[in-house]
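Trainee: got a predicted structure here, sequence first:
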Number of protein chains: 2
Amino acid sequence: MLSKKTKYGLKALAYLASQKDQQPVQISEIAKAENISQKFLESILLSLRKSGFLGSKKGKGGGYYLIKDPKEVLMTDVMRILEGPIAMVPCVSLNFYEKCADCPDEATCSVNKLMLMVRDANLEVYRNNTLADLIV
Amino acid sequence: MLSKKTKYGLKALAYLASQKDQQPVQISEIAKAENISQKFLESILLSLRKSGFLGSKKGKGGGYYLIKDPKEVLMTDVMRILEGPIAMVPCVSLNFYEKCADCPDEATCSVNKLMLMVRDANLEVYRNNTLADLIV
DNA sequence: TGTTTACTCTATTAGATTGATAGGGTAATT
DNA sequence: AATTACCCTATCAATCTAATAGAGTAAACA
């Protein structure tokens, strides 16, 4: 299940990417346009800023804006920040690897085998899509 | 994240599929071999039986056994029973479709667009793999 | 027939996570 | 200096997960 956090984050990024100019957009505007709880959105945009996707400007006329060209924003990076690991089990995660406590041997683990294929399939989608591809 | 339920269910199915004959295997044996809480495994095997993957035999010499040939058991079906929807959002789910409450128009929704691709990528993996493919 | 075996079912629980809300603080612009 | 809007902390109800406990029931076998 995709978390609301990721869903809202993606919508907000798409909203910013579809702006004509790169003027800052207020949180309240995005929240209203995308039906998102404003306070919740605040925390999401904050984490996107801290991870280098967004810039912000304070004071009157302030708001958030995209730092990079939407074509340069890979979905792999966005998803890892918003949703966390792309893999469904830590033992096949590239960026968040962890050994499964209950599994004695990954090489012969049927779950590992399947989840490795799933991970690769997902990675291919996320790698081949940028923020620009999400805009209509 | 893959739930423990699904993980254990897959391991149990793979364990049963790797048996030489089709004699019933006791829950306790599977639980021990795969490091699974026996009581938790009980409920998982029960749901796999109710959904037509497993048969069970009571009394001495009883246990669970596969009903179909592992080659005939599609991962799509297994995953839907154990984990639920394959799609990450209900609005792109084939078997569990639901409209998103917050989304006015699926056709122009950036999240919908991306999650549709992800769903298809996952479906392809699950459709092209049977229980037999998980065995070493 | 009676006992054992092992599946079946219901209920309960601690813990974690999620999504949302409230309230105040702070920096930058005008 | 006032306003605007970002920034941060804390809290909370609801939900889900994983595990556990205990009792019930059907089938096999001596």
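Mentor: Now that the structure is in, tell me what you want to look at.

Trainee: what separates the residue nearest to A:V73 when sequence neighbours are not counted from DNA strand D, distance-wise?
Mentor: With sequence-adjacent residues excluded and distances taken as C-beta to C-beta, 6 or more residues apart in numbering or on different chains, A:V73 is closest to A:L131, at 3.9 Å. The way it works is simple: take the backbone N, C-alpha and C, and place the C-beta from them, glycine included. Going from A:L131 to DNA strand D by C-beta to the nearest atom of the strand, to the nearest Å gives 19 Å.

Trainee: can you tell me how far A:L131 sits from B:A132?
Mentor: Distance check for A:L131 against B:A132: by C-beta to C-beta, to the nearest Å, it reads 40 Å.

Trainee: burial of A:T108, as a residue count?
Mentor: By other C-beta atoms under 10 Å in any protein chain shown, 12 other residues sit near A:T108.

Trainee: the nearest residue to it once chain neighbours are set aside: neighbouring residues, count only.
Mentor: Excluding the flanking residues, the one nearest A:T108 by C-beta to C-beta, 6+ apart is B:V136, at 5.2 Å. By other C-beta under 10 Å, 9 other residues sit near B:V136.

Trainee: isn't B:V136 right up against A:D105?
Mentor: No - contact between B:V136 and A:D105 fails when scored by C-beta atoms under 8 Å: they sit 10.1 Å apart.

Trainee: which residues of chain A lie near DNA strand D?
Mentor: Selection of chain A residues close to DNA strand D by C-beta under 7 Å from any atom of the strand yields A:24, A:26-28, A:39, A:42-43, A:45-46, A:49-50, A:56-64.

Trainee: now the helices for chain A?
Mentor: Under the criterion DSSP state H, helices of chain A are mapped to A:4-17, A:27-34, A:38-50, A:75-82, A:110-127, A:131-134.

Trainee: name only those of the residues of chain A next to DNA strand D that count as buried.
Mentor: Restricting the residues of chain A next to DNA strand D to buried positions leaves A:24, A:27, A:45, A:63-64, with burial counted as 16 or more other C-beta atoms under 10 Å in any protein chain shown.

Trainee: could you list which of those residues also contact DNA strand C?
Mentor: Counting by C-beta under 7 Å from any atom of the strand, no member of these reaches DNA strand C.

Trainee: could you dump those to a markdown table with pLDDT?
Mentor: Shown next, in a markdown table, are those (pLDDT from 0 to 100):
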| residue | pLDDT |
| --- | --- |
| A:P24 | 95 |
| A:I27 | 96 |
| A:L45 | 97 |
| A:G63 | 95 |
| A:Y64 | 96 |
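
Trainee: now A:G63. Nearest residue, chain neighbours left out?
Mentor: For A:G63, the spatially nearest residue (C-beta to C-beta, 6+ apart) is A:P24, at 3.3 Å.

Trainee: I figured that neighbour was touching A:G59, is that so?
Mentor: No - with contacts counted by C-beta under 8 Å, A:P24 stays clear of A:G59, the gap being 9.9 Å.

Trainee: can you pull the domain assignment for chain A?
Mentor: Annotated domains of chain A cover A:4-66, A:72-134 [automatic domain parsing].

Trainee: beta partners for the closest residue to A:E29 other than its chain neighbours?
Mentor: The spatial neighbour of A:E29 that comes closest, neighbours along the chain excluded (C-beta to C-beta, 6+ apart), is A:G63 at 7.5 Å. Counting by DSSP bridges, A:G63 is bridged to A:K57.
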